[in-house]
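S.K.: need coordinates for the below:
(one chain, ligands or ions: 1)
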Amino acid sequence: MKTALVLNGPNLNLLGTREPAVYGHATLADVEKLCAQACAKQGLTLDFRQTNHEGVLVDWLHEAGRAQASGTLAGVILNAGAYTHTSVALHDAIKGAGVTCIELHISNVHAREAFRHHSYISPAAKAVMAGFGVKGYALAIAALAEM
Ligand code: CA2
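M.R.: Residues are numbered from 1 along each chain as shown. Have a look, this model is predicted:
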């Protein structure tokens, strides 16, 4: 059974505590449960992580590249949070690791502030999803299983 690695970046640990109009009421623990159910449905194992540190995301993407090359990983679903809009390092890590990456955002970043319209992740990602709320995580897992 292959693994789906779901990586969450900065401040996503605050999910469900503030800004419900933008991100909804679900907590990150709720999102993990939703992902576990989606993975079970797709015959995937879930590895779900969150960090507030850019370099940790870089290390996890490298680890993911090795796991995918060895045949144990289906790919990565990456919500890089605000690093989406700032991080050349994450762009390079996805490309350098050669890992299949679905970029995911809970909110529709294109309907928000202009600084959220540019993503350094998108050109390195296989696909991009935004605006489906936390249900987007389940949709992305189904998509990963199809790939
Ligand atoms: O829509 C998304 O998933 C984002 O990746 C979320 C990031 C934001 O910087 C991106 O532009 C879009 C922010 C995550 C922070 O989430 C919070 C949740 C509740 C309270 C405060 C922050």
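
S.K.: spatially nearest residue to the residue nearest the centre of the chain (excluding sequence neighbours)?
M.R.: Geometric centre of the chain, nearest residue: Leu78, 1.9 Å, by C-alpha atoms, centre = their mean. Nearest non-adjacent residue to Leu78, counting by C-beta to C-beta, 6 or more residues apart in numbering: Leu7, 4.9 Å away. C-beta coordinates here come from the backbone N, C-alpha and C atoms, glycine included.

S.K.: which SS state does that neighbour fall under?
M.R.: Three-state assignment for Leu7 (DSSP: H, G, I helix; E, B strand; the rest coil): strand.

S.K.: what about it, neighbour count?
M.R.: 23 (other C-beta atoms under 10 Å).

S.K.: by mean pLDDT, point me to the weakest helix or strand of this protein.
M.R.: Of all helical and strand segments in the chain, the minimum by mean pLDDT, DSSP states H and E falls on helix 20-23, at a mean of 90.

S.K.: got the CA coordinates for the helix or strand that comes right after it in CSV?
M.R.: Later in the chain than helix 20-23, the nearest helix or strand by DSSP states H and E is helix 28-42. The C-alpha coordinates for helix 28-42 follow below in CSV (Å, rounded to 0.1, in the frame of the first residue of the first chain):
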residue,chain,number,x,y,z
LEU,A,28,-6.2,20.6,11.7
ALA,A,29,-7.0,17.5,13.7
ASP,A,30,-10.4,17.4,11.9
VAL,A,31,-8.5,17.8,8.6
GLU,A,32,-6.3,14.9,9.5
LYS,A,33,-9.3,12.7,10.2
LEU,A,34,-10.9,13.7,6.9
CYS,A,35,-7.6,12.8,5.1
ALA,A,36,-7.4,9.4,6.9
GLN,A,37,-11.0,8.6,5.7
ALA,A,38,-10.1,9.7,2.2
CYS,A,39,-7.0,7.6,2.2
ALA,A,40,-8.8,4.5,3.5
LYS,A,41,-11.3,4.9,0.6
GLN,A,42,-8.4,5.1,-1.9
